[in-house]
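**Q** The sequence and its predicted three-dimensional model are supplied below.
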Amino acid sequence: MWTMNGLWAVDGSVTRWMVRHRTPFLDHVAYLLMYAGAPVPLLVMLLVAAVLTAFRRELVRPVVAGALAAAAADVTTEWLKPSFARPRPEAHLALVTATGYSFPSAAAATVFAGAVAVICAGRRTASPLPRAGAVVPALLLGIAVLVGAAVIYLGVHWLSDVVVGAVEGAVIGYAVAWVVTLRRAHRSH
């Protein structure tokens, strides 16, 4: 039977492995990924995308769904953290300063919510995203996974923080995409 002690042991092992394999190049990549996946930069990128896609009307709903989902995931995660009150990894493991509780990861929740919402809303509307095949979903989910790995690498989250944050974000992203595209789906029937 899996226990919380077993989970914490896995968390510690993954974090220590990442710390042992740090390099200056990977440090820079991880910083960029962490900050790109932070709520404010992510929302700014999604808003810029919304403005740019205003000329492609069929892309507006997926981008709006992504922005709303990212915001909802950030708010939900910050609301949940005090309930769990899980401390972050030890300060000597961290390459950046992070405050507050660790569980669930807001970075993972936010970026997964945005990615899943864009993918699901794109598939439910007449956007060109479905025609792009698996490229756009793979790219968005790949970035989300890299952001999750970056916050573990930087020593500000445990693996379980990221996994639960990703699941939380995916659920929120799916729900927001469903709501944002609900009216459009009903009109097409």
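**A** Great, that's in hand.
**Q** Please list all residues in contact with Leu33.
**A** Ile143, Leu146, Val147, Ala149, Ala150 (C-beta atoms under 8 Å, 6 or more residues apart in numbering). All C-beta spots, glycine's among them, are computed from the backbone N, C-alpha and C.
**Q** Swap in 10 Å and give it another go.
**A** By C-beta atoms under 10 Å, 6 or more residues apart in numbering, Leu33 lies in contact with 107, 111, 143-151, 153-154.
**Q** got a markdown table for those, with secondary structure and pLDDT too?
**A** Converted to a markdown table, these look like this (DSSP: H, G, I helix; E, B strand; the rest coil; pLDDT from 0 to 100):
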| residue | secondary structure | pLDDT |
| --- | --- | --- |
| Ala107 | helix | 90 |
| Val111 | helix | 91 |
| Ile143 | helix | 85 |
| Ala144 | helix | 88 |
| Val145 | helix | 91 |
| Leu146 | helix | 90 |
| Val147 | helix | 90 |
| Gly148 | helix | 91 |
| Ala149 | helix | 92 |
| Ala150 | helix | 91 |
| Val151 | helix | 91 |
| Tyr153 | helix | 93 |
| Leu154 | coil | 91 |
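**Q** how about the residue nearest in space to the middle of the chain, what does it touch?
**A** Nearest to the mean C-alpha position of the chain, by C-alpha atoms, centre = their mean, lies Val111 at 2.2 Å. Val111 sits next to 33, 36-39, 42, 66, 70, 73, 105, 140-141, 143-148, 151, 165-166, 169, 173 when contact means C-beta under 10 Å, 6+ apart.
**Q** coming back round to it: would you convert the contacts of Leu33 into CSV that also reports distance to Pro87?
**A** What follows is the contacts of Leu33, written out as CSV (distance: C-beta to C-beta, whole Å):
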residue, distance to Pro87
Ala107, 17
Val111, 23
Ile143, 28
Ala144, 25
Val145, 24
Leu146, 25
Val147, 21
Gly148, 19
Ala149, 21
Ala150, 20
Val151, 15
Tyr153, 18
Leu154, 16
